[in-house]
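K.L.:
can you look at this prediction? I've put the sequence above it.
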Amino acid sequence: MSDADTLFRLSSLNTAYASCIDADRLEEWPGFFVERCLYKITSADNHKRGYAAGIVYADSRAMLEDRVSALRNANIYERHSYRHIVGMPSLISSADEIAGETPFVVIRTMRDGRMDLFATGVYLDRVREEDGKLRFIERLVICDSQRFDTLLAIPL
Amino acid sequence: MSDADTLFRLSSLNTAYASCIDADRLEEWPGFFVERCLYKITSADNHKRGYAAGIVYADSRAMLEDRVSALRNANIYERHSYRHIVGMPSLISSADEIAGETPFVVIRTMRDGRMDLFATGVYLDRVREEDGKLRFIERLVICDSQRFDTLLAIPL
Amino acid sequence: MSDADTLFRLSSLNTAYASCIDADRLEEWPGFFVERCLYKITSADNHKRGYAAGIVYADSRAMLEDRVSALRNANIYERHSYRHIVGMPSLISSADEIAGETPFVVIRTMRDGRMDLFATGVYLDRVREEDGKLRFIERLVICDSQRFDTLLAIPL
């Protein structure tokens, strides 16, 4: 497969992933990962310093499913809206496993209509084809900001 | 045509559409639609509830042309600047009619240099080729926010 | 080469360029330009009026290298973070020289976690292949805002 095709598939995966979160179809979110995966939200500073811990950390699809349940129970009230805008990925490698980096911004809209910048950063991904579908082996969400208090509201 | 080619064409259409508005070439804007089209700006909440009405509603290219005239007459003073950043579309169908969904954010720059988040949301589109050019049969602009007072300033 | 391939290559160039700045690898930034290049940051208003001067102006790669040195000396303290989100380019021409236009937004994250909209605008580019790599002959950064006090902090 050419690099252009690979990038195209990675970009489509990113688009579907963002749309799943922004449309509040969180129950579909764990399906973007392989069963034994790594999902982590951390800051650029902590990532640079090599800290393994993240503010959010899951190393299996089951843990992602638990996280969705927890979010559903916590969000009794109607939640804010979120909108991911995701840039084009750059390809780090494309052997039998694809590795890429993709910049993102997430904008939050409050119930009263106010909007703010919620998060920016890059996704560092390792992706593999499984049953004809690309899935994340690893998605590290490296946020530019270190303020994480609000980041627990949705997956990024 | 492959899905990658279709997405590429849809993405190029989105880019040209956004550039037309941001460069204030509004007179070209109705040309992105077929003659008997549907253009609507509404909120995610109203769209979900199935309300047919929108804050902006036009069901022909002539109505879009009227809208441009109205905006030109209303904006006596130099207008603010707008910048659309449009994500990659996802393809909903690609039979003889293309249907897609595309996330967007619009940032406004005031004459004094202040910038703010103007609108975020998704385009829900039905597109058809006409005279070798893709045109919108339907473009629903589904905004994340419900505050529409300012949205009348430009097409989205 | 097809227009789709050209756009794909231009988009990849933009992604690599943005990633170089956002990851603070400024020393690599001049390498995105040919030796006798034009790099300019200006406002949409000044560009429309045909003013040749820009708030930042360099007409050789050596000048870009000087600029990086100056930024390194000026930024004694840890700098803010920046995140470019770059839209798909539109192709203006694709003869032996490629010309394109690309919308962008840059978001700044302060050390204390606050985020703001730093700049929006379009890149107006002329690009050429050199040693198998696309490089900018000319990159005009046309900003929507006229406030430039802060724009000297990083390349755009």
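P.N.:
Nice, I can see it.

K.L.:
name the residues of chain A found near chain C, please.
P.N.:
A:4, A:7, A:44, A:85, A:87-90, A:101, A:103-105, A:116-117, A:120-122, A:144-147 (CB under 8 Å from any CB of the partner chain). Glycine gets a C-beta too; all of them are placed from N, C-alpha and C.

K.L.:
can you say which of those are buried?
P.N.:
Burial by neighbour count, 16 or more other CB atoms under 10 Å in any protein chain shown: within the residues of chain A next to chain C this picks out A:4, A:7, A:44, A:85, A:87-90, A:101, A:103-105, A:117, A:120-122, A:144-146.

K.L.:
those residues: which ones sit near chain B?
P.N.:
Among these, the residues that sit close to chain B (CB under 8 Å from any CB) are A:85, A:88, A:105, A:117.

K.L.:
between the residues you listed, which is nearest A:D66?
P.N.:
Using CB to CB, A:V105 is the member of these that sits closest to A:D66, with 27.5 Å.

K.L.:
just give the nearest non-adjacent residue to that closest one, would you?
P.N.:
A:T120 (4.7 Å; CB to CB, 6 or more residues apart in numbering or on different chains).

K.L.:
tell me the secondary structure at the one you found.
P.N.:
On the three-state scheme (DSSP: H, G, I helix; E, B strand; the rest coil), A:T120 is labelled strand.

K.L.:
ok, it - contacts?
P.N.:
A:103-106, A:143-145, C:81, C:83, C:85, C:107, C:109, C:115 (CB atoms under 8 Å, 6 or more residues apart in numbering or on different chains).

K.L.:
next, count neighbours for the residue in chain A positioned nearest to chain B.
P.N.:
In chain A, the residue that lies nearest chain B is A:G113 (3.3 Å; CB to the nearest CB). Residues within reach of A:G113, counting by other CB atoms under 10 Å in any protein chain shown, total 15.

K.L.:
that one should be in a strand, yeah?
P.N.:
No. With three-state DSSP as the criterion, A:G113 is located in coil rather than a strand.

K.L.:
next one: it from B:L117, what distance?
P.N.:
Distance from A:G113 to B:L117, counting by CB to CB, to the nearest Å: 11 Å.

K.L.:
same thing with A:E65?
P.N.:
As judged by CB to CB, A:E65 and B:L117 stand 33 Å apart.

K.L.:
A:R49 now?
P.N.:
Per CB to CB, A:R49 is found 32 Å from B:L117.

K.L.:
do A:F33 as well
P.N.:
In this view, A:F33 and B:L117 are 30 Å apart by CB to CB.

K.L.:
what does A:R79 give?
P.N.:
Distance, A:R79 to B:L117, using CB to CB: 18 Å.

K.L.:
re the thing from before, show me the residues of chain A next to chain C that map onto helices.
P.N.:
Judged by DSSP state H, the residues of chain A next to chain C include A:4, A:7, A:44 as members of helices.

K.L.:
so which bits of chain A are right by chain B?
P.N.:
Applying CB under 8 Å from any CB, we find that chain A lies next to chain B at A:5, A:8, A:11-12, A:14-16, A:18-19, A:22, A:81, A:83-86, A:88, A:105, A:107, A:109, A:112-113, A:115-117.

K.L.:
buried subset of those, written for ChimeraX?
P.N.:
Buried members of the residues of chain A next to chain B, defined by 16+ other CB under 10 Å, are picked up in ChimeraX with:
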select /A:8,11,12,14,15,18,19,22,81,83,84,85,86,88,105,107,109,115,117
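
K.L.:
nice, that's everything, thank you.
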